[in-house]
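1. Fold the following for me, if possible:
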Amino acid sequence: MPAYVIANIALEPGGIIAWVLVGLVAGALASRVVEGRGMGCLGDIIVGVVGAFLGSFVLGLILPGSATFELLGSIVVAFIGSVIFLLIIRLVTGRRG
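-> Sure thing, here's the model as predicted:
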């Protein structure tokens, strides 16, 4: 399976099904932490996948060198990115939870 590398951080959860699962888990957790409720299955997946890319970019700036994360690590990175993504959306829209 190809690894998705952004800023020297490689996320290797597997194929497209694994990316959907990573997005769903990370997005659901992040939306519950930031919004206090889930955003629905599709919304959680989108937030999680965007969060995976954002999280890997941010961690690539913070961590020196390169790192590779398997499934569990990818969920953690996606969760961190998803929280950042939802906080940015909240900041831009001015919505409060």
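2. can you pull out the helices in the chain?
-> 16-34, 41-62, 71-93 (DSSP state H).
3. Give me the distance from the shortest one to the chain's centre.
-> Mean C-alpha position of helix 16-34 versus that of the full chain (CA atoms, centre = their mean, to the nearest Å) differs by 7 Å.
4. For it, buried residues please.
-> Neighbour counts using 16 or more other CB atoms under 10 Å place 19, 21-31, 34 of helix 16-34 among the buried residues. Yep, even glycine has a C-beta here, placed from its N, CA and C like the rest.
5. In these, find the pair that's most separated.
-> Maximum pairwise distance among these (CB to CB): 21.3 Å, between W19 and V34.
6. Per-residue pLDDT of A10, please?
-> Reading off the confidence values, A10 has pLDDT 61.
7. lowest confidence element among the helices and strands of this structure?
-> The helix or strand of the chain with the lowest confidence, counting by mean pLDDT, DSSP states H and E, is strand 4-6 at a mean of 51.
8. Distance check, the residue nearest the centre of the chain against L86.
-> For the chain, the residue nearest the mean C-alpha position is A78 (2.2 Å; CA atoms, centre = their mean). Separation of A78 from L86 (CB to CB, to the nearest Å): 12 Å.
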